[in-house]
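Colleague: Below are the sequence and a predicted model; questions follow.
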Amino acid sequence: MVETTINAQTKTRLPKESLVRIIKNMEFPLEYAAQIYSFFADVPLTDIDKFTARYGIEDKVLKKYYLTYIKNIYPNPGLEEMLAYAD
């Protein structure tokens, strides 16, 4: 579901494995900006939670990535609530 959602409106495909690496390494490649923003803004929270658990992305890493690259452009109050205690 995640890969389908983030790639739905773009020509360039971002594989889920690459998204995992990008988040874990705190990278923000501009060629995948639309897909990365879509992950944080369009993917349902339950799917984000399942995705991060499946691929070993710690909540504190996801929160840091969100605060660093996403929040100022596409704030997601639900995600912020979900990650409130991640530190």
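Modeller: Okay, I see it.
Colleague: Stretch 4-13: how far from the chain's middle?
Modeller: Offset of stretch 4-13 from its chain centre (C-alpha atoms, centre = their mean, to the nearest Å): 14 Å.
Colleague: the helices in the chain, which residues?
Modeller: 2-7, 16-24, 33-41, 45-54, 59-65, 77-82 (DSSP state H).
Colleague: Quick check: pLDDT value at the residue in the chain sticking out farthest from the centre.
Modeller: Relative to the centre of the chain, the most outlying C-alpha is that of Lys11, 18.6 Å out, by C-alpha atoms, centre = their mean. As predicted, Lys11 sits at a pLDDT of 91.
Colleague: That one and Leu45: what is the separation?
Modeller: Separation of Lys11 from Leu45 (C-beta to C-beta, to the nearest Å) stands at 27 Å. To be clear about C-beta, it is placed using only N, CA and C from the backbone, and glycine gets the same treatment.
Colleague: the bottom helix or strand of this structure by mean pLDDT?
Modeller: When the helices and strands of the chain are scored by mean pLDDT, DSSP states H and E, helix 2-7 comes last with a mean of 93.
Colleague: rewinding a little: just name the most buried of the helices of the chain.
Modeller: helix 33-41 (a mean of 19; mean count of other C-beta atoms under 10 Å).
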